[in-house]
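Student: The following block contains a protein sequence and its predicted model.
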Amino acid sequence: MATKHTLSSLSAACFLALSAPISAADFNITVTNLTNGSYFTPLIVAAHTDAADIFEVGTAASNELELMAECGDTSGLNALLAAASADIIDNPAGGALAPGASTTFTLSTNANNTLLSLGAMILPTNDGFVGLDAVELPTAGGVTYYLAGYDAGTEINDEVQSAGCATDQAGFPAGPVPNLGTGAYGVPVGSVGADADIGGADGTIHIHRNVLGDTYATGGYSDIDSTAHRWLNPVARVTITLQ
Amino acid sequence: MNINKHLLWPGMIALASVLSACGGGSSNNTTSASATIDSASSTNTGMMSFDITVSNATNNQPLAPVGVALHEAGYSAWQIGTAASAGLEFLAEGGNPAMFLDEAQAAPQFLTQTTGTAPIGGGGSETLSISVTNAVNLHLTLAAMLVHTNDAYTGVTNMPIDLTVNESLTFYTAVYDAGTEADDERAVPGPDVGGEGFNAARNDGANEVRRHPGVVTRDDGLLTSLLNESHRFLDGGAARVTVTRTQ
């Protein structure tokens, strides 16, 4: 099945001369964290075929995506993509990508791997992630994508800092984020929505509604600082240029 | 396997700075926005059928039953900066798309319509099937209320649909404020809120359709709000819509 894109009036797009045959290629890729105070955990970037799919809005997250979105651990997605013969770049920034920072790398692709996906956890969040879902790699020139923040729908957003991290464990790891609060009693669960079930069943992947945060260094609803760690979309920019 | 990829939130693609021109661009049915938007001129005298899948991309804003109309070019159900129609107000404040679709049906461009069977909860999906014959220059109008708001809705209007059989088109829809009711976050319908639905009074002040600024909620300091932080949403689209031509 073929697919068409459409775009809102906010956007512009340009694809040049798409006549070149698809073949193995090298791409220069730059990922920029556009947020004010949110960190991206180590990115996983992959060129792949339709056989791989790291996430899909409106569907439940895989265990591999949950591990990335809750703990920043890309090992599960790496295995999933490797099994699909993807061309993978794991952790191109050599660690977390700080607010405002960029990482540039080269991705060499095999002929059949014409789709690009990437992902990383957004910190501080419970299960927020930045993602790019299987866009077509350019066959000439380059293209830039702006990415939204998503919620994996696998954990209640209680915004309480936890020691260590495991899936199905409440809270979020501090990672490299400075000046987090401590001792929060947790954002009250009003109505859960797509976030997750209180009983433990997962919800579905959706566009993240943003962290709530508060302004108390100790106690309060949240260990997240509402004046520092909120974002608006887009949260990342990805520029892809065919070498 | 789902091959309908390349999903973008509104505004997600931009021209790479390394490119010097944005030509009309040939497209191999992949990703050219200009090709998609400019080329809706097909005529088809037979029957065309479409599956329209609406996924709620918010956390906890149920979408009221979706109103869908297929029509020829030139019918716009709303316009930024102008007052909402009575049908749009009825949809955006109370969630019922009937009057909204009646207005579409009264337009000379109208072809056919359908309605969702039930609200779509956060993260949920519904697929509607719709067919049309003798369509010229097919366009889509689709709207649904964000239930836990005063008068917010999401949708598209007068969007060209130019698909061959088995082609699909995926997009995210922005959130609009009908501008017909003040956003006090109290006159808000919905099962876990229970405030007011439609009210004919127009007390928003501006009385114009605009993009929605988001909800504040009591968790973020609007202590009189009936909403909590789970009802918030960001730009990026409240619904992910995939239109697939099946015949």
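Tutor: Sure, I can see it.
Student: so where is chain B shaky, pLDDT-wise?
Tutor: Judged against pLDDT under 70, the low-scoring parts of chain B cover residues B:1-45, B:191-192, B:194.
Student: at 50 instead, please
Tutor: Of all residues in chain B, those with pLDDT under 50 make up the ranges B:1-41.
Student: top strand in it by residue count?
Tutor: Identified as the longest strand of chain B according to DSSP state E is strand B:43-56.
Student: Run a quick neighbour tally on residue B:53.
Tutor: The tally of other residues near residue B:53 (other C-beta atoms under 10 Å in any protein chain shown) stands at 18. Every C-beta, even on glycine, is put in place using the N, C-alpha and C of the backbone.
Student: contacting residues for residue 124?
Tutor: You didn't say which chain, so I picked chain A. If you count contacts by C-beta atoms under 8 Å, 6 or more residues apart in numbering or on different chains, residue A:124 has them with A:38-39, A:159, A:161, A:172, A:174-175, A:177, A:180, A:211, A:223-224, A:229.
Student: look at chain B instead
Tutor: Contact analysis of residue B:124 by C-beta under 8 Å, 6+ apart lists A:58, A:194, A:204, B:55-56.
Student: for residue B:113, same thing?
Tutor: If you count contacts by C-beta under 8 Å, 6+ apart, residue B:113 has them with B:67-70, B:101, B:104-105, B:130.
Student: So which of these are in strands?
Tutor: Taking DSSP E as the definition of strands, those contribute B:67-70, B:130.
Student: List only those of these flagged as buried.
Tutor: Neighbour counting with 16 or more other C-beta atoms under 10 Å in any protein chain shown marks B:67-70, B:130 as buried within those.
Student: Need those residues in JSON lines (columns: distance to residue A:185).
Tutor: Shown next, in JSON lines, are those (distance: C-beta to C-beta, whole Å):
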{"residue": "B:67", "distance to residue A:185": "42"}
{"residue": "B:68", "distance to residue A:185": "44"}
{"residue": "B:69", "distance to residue A:185": "48"}
{"residue": "B:70", "distance to residue A:185": "51"}
{"residue": "B:130", "distance to residue A:185": "49"}
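Student: hmm, back to that, in the contacts of residue B:124, find the pair that's most separated.
Tutor: Greatest spatial distance among the contacts of residue B:124 (C-beta to C-beta): A:194 and B:55, at 10.1 Å.
Student: which of the two has more neighbours?
Tutor: Between residue A:194 and residue B:55, counted using other C-beta under 10 Å, the more crowded position is residue A:194 (28 against 25).
Student: Break down chain B into its strands, ranges please.
Tutor: According to DSSP E, the strands that chain B contains are B:13-14, B:43-56, B:67-72, B:110-115, B:125-136, B:138-145, B:152-160, B:168-173, B:175-177, B:210-211, B:239-245.
Student: Could you dump the ones you listed into CSV with distance to residue A:167 added?
Tutor: Shown next, in CSV, are the strands of chain B (distance: least, C-beta to C-beta, whole Å):
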stretch, distance to residue A:167
strand B:13-14, 32
strand B:43-56, 24
strand B:67-72, 38
strand B:110-115, 39
strand B:125-136, 24
strand B:138-145, 33
strand B:152-160, 32
strand B:168-173, 28
strand B:175-177, 31
strand B:210-211, 36
strand B:239-245, 25
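Student: Can you tell me which of the ones you listed is most buried?
Tutor: By mean neighbour count, with neighbours taken as mean count of other C-beta atoms under 10 Å in any protein chain shown, strand B:138-145 ranks first of the strands of chain B at a mean of 27.
Student: What is that one packed up against?
Tutor: Contacts defined by 3 or more C-beta pairs under 8 Å, 6 or more residues apart in numbering or on different chains; DSSP states H and E place strand B:138-145 against strand B:43-56, strand B:67-72, helix B:86-94, strand B:152-160, strand B:239-245.
Student: Swap in 7 Å and give it another go.
Tutor: strand B:67-72, helix B:86-94, strand B:152-160, strand B:239-245 (3 or more C-beta pairs under 7 Å, 6 or more residues apart in numbering or on different chains; DSSP states H and E).
Student: Format these as TSV; extra columns: distance to chain A.
Tutor: As requested, those are exported to TSV (distance: least, C-beta to the nearest C-beta, whole Å):
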stretch	distance to chain A
strand B:67-72	16
helix B:86-94	19
strand B:152-160	7
strand B:239-245	5
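Student: so which of these gets nearest residue A:107?
Tutor: If you check each of the helices and strands packed on strand B:138-145 against residue A:107 by C-beta to C-beta, strand B:239-245 wins as the nearest, at 26.8 Å.
Student: Now do the closest one and strand B:43-56, the angle between them.
Tutor: Here the directions of strand B:239-245 and strand B:43-56 differ by 150 degrees (axes from the mean of the first three to the mean of the last three C-alpha atoms, to 10 degrees).
Student: Can you tell me the strand partners of strand B:239-245 and which way each runs?
Tutor: Sheet pairing of strand B:239-245 (DSSP bridges) gives strand B:43-56 (antiparallel), strand B:168-173 (antiparallel).
Student: Can you check what angle separates it from strand B:152-160?
Tutor: 30 degrees.
Student: CA atoms only: put strand B:239-245 into CSV for me.
Tutor: The C-alpha atoms that make up strand B:239-245 are tabulated as CSV, following Å, rounded to 0.1, in the frame of the first residue of the first chain:
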residue,chain,number,x,y,z
ALA,B,239,-6.4,13.0,16.3
ARG,B,240,-4.4,10.9,13.9
VAL,B,241,-6.4,10.2,10.8
THR,B,242,-5.7,7.7,8.1
VAL,B,243,-7.8,7.7,4.9
THR,B,244,-7.4,4.6,2.8
ARG,B,245,-9.1,4.1,-0.5
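Student: Thanks again, I'm all set now.
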